[in-house]
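Undergrad: Output the structure for:
(one chain, ligands or ions: 2)
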Amino acid sequence: MSAIPPPISMLAELTHRCPLACPYCSNPLELLKSDGELPTEVWAGIFRQAADLGVLQLHLSGGEPAARRDLADLVGAAREAGLYVNLITSGIGLTEARLDALEARGLDHVQLSLQGVSAAVADRIGGYAGGFDRKMAVAHSIARRGLPLTVNAVMHRHNLDQLPQAIALAAELGARRIEVACVQFYGWALKNRTALQPSRAQVAAAKVTVEAARDSYKGRMQIDFVPPDYYADYPKACMGGWGSTGLNIAPDGTVLPCHAAQTIPGLSFPKVTDLPLADIWYRSDAFMAFRGTDYLPDICQGCARRDRDFGGCRCQAMALAGDARAADPVCRHSPHRGLVDRLLAEADDRPLEATDFTYRR
Ligand code: SF4
Ligand code: FES
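TA: Ligands and ions are numbered 1, 2, ... in the order given. Here you go, the predicted model:
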């Protein structure tokens, strides 16, 4: 294996607490309680270690990061460490005073989630009555301040038909970018896969919508599209390859190569309170487990795409094939692809109307 590069980005899950209860949340099914969360000064030390290690971009996430009363101090600490700071938020809990404080401490960018374009849809998906109106108030305040904004629209069976309106709303809010992210099946989303899986017709329509919108919003708003990977022929290069560009820190300081890594049995994940971040990144068994491509099966070893997709996603291989070393079952060459095709055929056969969610609580 060639020399290990330093990480470029770090996702800090400051808390698992969240006023919303989205059924597609990527948090683990076992949510951590607030008494297990790291205090401000420990996070500040982690940000300094991350910057020393080579991290450039910090994503503050959760749960809902605004559930942390010390959020502005954390932003300040990260900026002092020299990191570019992006806040990933539902907006709930961000008052004018708190936005003032975040701006004053140097917040670089806000990524605001969008559950739907109407209160009826958004509040049902988020499991929080009144959430949509509060989010819109925060969104308008962010726009007035001129804070760089990305709208993160997580799309699935119950809101994909609102995609044109979601793109229009993002533009109206002054977003520089919208990420149209079709739901990926990890954490709570995997538990809710039957309810969330879009139909083939919805996905085809979404691609047409995105292409048309890219033309009409050219030069005004960037439109990124994360397609639903079950419909692809080849898998995504998840995390740009295991342990190659980024890392996640859970609210209790557990360091993870990706948000779903704890679903892979047999790996143990060190805490940054026990070991320096650099040791964990460069030497821990968990980060070494799937670095490079040596462990991949023969179908990947002989494949021209091996160094492009690294065999896809380890957690998806685990979830679908029961083997984290297998080729991602999304791949047309995978012996497990039939499973994905069956799930898609079932999604097409089901009526589109409401299916019960298991809310993240
Ligand atoms: Fe990727 Fe392996 Fe499929 Fe090739 S065979 S496309 S390397 S998952
Ligand atoms: Fe873990 Fe893809 S989510 S490797």
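
Undergrad: what ranges do the helices span in the stretch 101-250 of the chain?
TA: 119-126, 131-145, 163-172, 187-191, 193-196, 200-216 (DSSP state H, counting those that start in this stretch).

Undergrad: Show me which positions of the longest one end up buried.
TA: Put plainly, it is helix 200-216. 202-203, 205-206, 209-210, 213 (16 or more other CB atoms under 10 Å). C-betas here are computed from N, CA, C, even on glycine.

Undergrad: just stretch 73-88 next, same as before
TA: 73-79, 81, 83, 85-88.

Undergrad: Quick check: residues of the stretch 201-350 of the chain near ligand 2?
TA: 238-239, 242, 258, 260-261, 313-315 (CB under 6 Å from any ligand atom).

Undergrad: Show the contacting residues for residue 116.
TA: By CB atoms under 8 Å, 6 or more residues apart in numbering, residue 116 lies in contact with 122-125, 132, 158-159, 162, 166.

Undergrad: Tell me the spacing between it and residue 154.
TA: Relative to residue 154, residue 116 is positioned 10 Å away (CB to CB, to the nearest Å).

Undergrad: Then residue 8?
TA: 24 Å.

Undergrad: So for those two, which sits in the more crowded spot?
TA: residue 154 (24 against 14; other CB atoms under 10 Å).

Undergrad: picking up where we left off before, between the buried residues of helix 200-216, which sits nearest ligand 2?
TA: The closest of the buried residues of helix 200-216 to ligand 2 turns out to be residue 203 (CB to the nearest ligand atom; 20.4 Å).

Undergrad: Contact partners for that closest one?
TA: Neighbours of residue 203 in contact, by CB under 8 Å, 6+ apart: 160, 182, 227-228, 231.

Undergrad: and the protein, which of its residues are near ligand 1?
TA: 234-235, 299-300, 303, 305-306, 309, 311-312, 327-328, 331, 333.

Undergrad: Which members of the buried residues of stretch 73-88 occur in helices, if any?
TA: Using DSSP state H, the subset of these located in helices is 73-79.

Undergrad: Just the buried subset of the contacts of residue 116, please.
TA: Applying 16+ other CB under 10 Å to those flags 122-125, 132, 158-159, 162, 166 as buried.

Undergrad: would CSV of the residues you listed with distance to residue 247 and pLDDT be doable?
TA: Below are the buried ones among the contacts of residue 116 laid out as CSV (distance: CB to CB, whole Å; pLDDT from 0 to 100):
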residue, distance to residue 247, pLDDT
122, 31, 93
123, 34, 93
124, 34, 91
125, 29, 91
132, 33, 95
158, 32, 92
159, 31, 93
162, 34, 94
166, 30, 97
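
Undergrad: From the residues you listed, pick the one nearest residue 277.
TA: Using CB to CB, residue 125 comes nearest to residue 277 of the buried ones among the contacts of residue 116, at 35.3 Å.

Undergrad: now that closest one: how far from residue 113?
TA: Counting by CB to CB - residue 125 and residue 113 are separated by 10 Å.

Undergrad: just residue 361 next, same as before
TA: Residue 361 is 17 Å from residue 113, by CB to CB.

Undergrad: cool, residue 132 as well?
TA: 11 Å.

Undergrad: Quick check: the residue of the stretch 101-250 of the chain nearest ligand 1.
TA: residue 234 (4.6 Å).

Undergrad: what distance separates the start and the end of stretch 98-116?
TA: 25 Å (CA to CA, to the nearest Å).

Undergrad: distance between that stretch and the chain's centre?
TA: Relative to its parent chain, stretch 98-116 has a centroid offset of 17 Å by CA atoms, centre = their mean, to the nearest Å.

Undergrad: repeat for stretch 69-86
TA: 20 Å.

Undergrad: how about the CA coordinates for that stretch, as CSV?
TA: C-alpha atoms of stretch 69-86 as CSV (Å, rounded to 0.1, in the frame of the first residue of the first chain):
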residue,chain,number,x,y,z
ARG,A,69,-25.2,25.4,24.4
ASP,A,70,-21.5,25.9,23.8
LEU,A,71,-21.8,25.8,20.0
ALA,A,72,-20.4,29.3,19.4
ASP,A,73,-17.4,28.5,21.7
LEU,A,74,-16.8,25.3,19.7
VAL,A,75,-16.9,27.3,16.4
GLY,A,76,-14.5,29.8,17.9
ALA,A,77,-12.1,27.1,19.0
ALA,A,78,-12.2,25.4,15.6
ARG,A,79,-11.5,28.7,13.8
GLU,A,80,-8.6,29.4,16.2
ALA,A,81,-7.2,26.1,15.3
GLY,A,82,-7.3,27.3,11.7
LEU,A,83,-10.1,25.1,10.4
TYR,A,84,-12.8,26.0,7.9
VAL,A,85,-16.0,25.5,9.8
ASN,A,86,-19.3,24.3,8.3
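
Undergrad: Start at 38, not 1
TA: Will do, 38 is the new start, and the previous item becomes stretch 106-123.

Undergrad: And the contacts of that stretch?
TA: Contacts for stretch 106-123 (CB under 8 Å, 6+ apart): 51, 77, 80-81, 84-85, 87-88, 92-97, 102, 105, 124, 135, 138-139, 141-148.

Undergrad: In CSV, could you pull the C-alpha coordinates for stretch 389-398?
TA: Extracted C-alpha coordinates of stretch 389-398, given in CSV (Å, rounded to 0.1, in the frame of the first residue of the first chain):
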residue,chain,number,x,y,z
LEU,A,389,-46.5,5.3,-3.3
GLU,A,390,-48.7,6.5,-0.5
ALA,A,391,-47.7,6.8,3.1
THR,A,392,-45.9,3.9,4.9
ASP,A,393,-45.3,4.2,8.6
PHE,A,394,-41.9,5.5,9.6
THR,A,395,-39.9,4.3,12.6
TYR,A,396,-38.8,7.7,13.9
ARG,A,397,-35.4,8.2,15.3
ARG,A,398,-35.9,8.8,19.0
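
Undergrad: Many thanks, have a good one.
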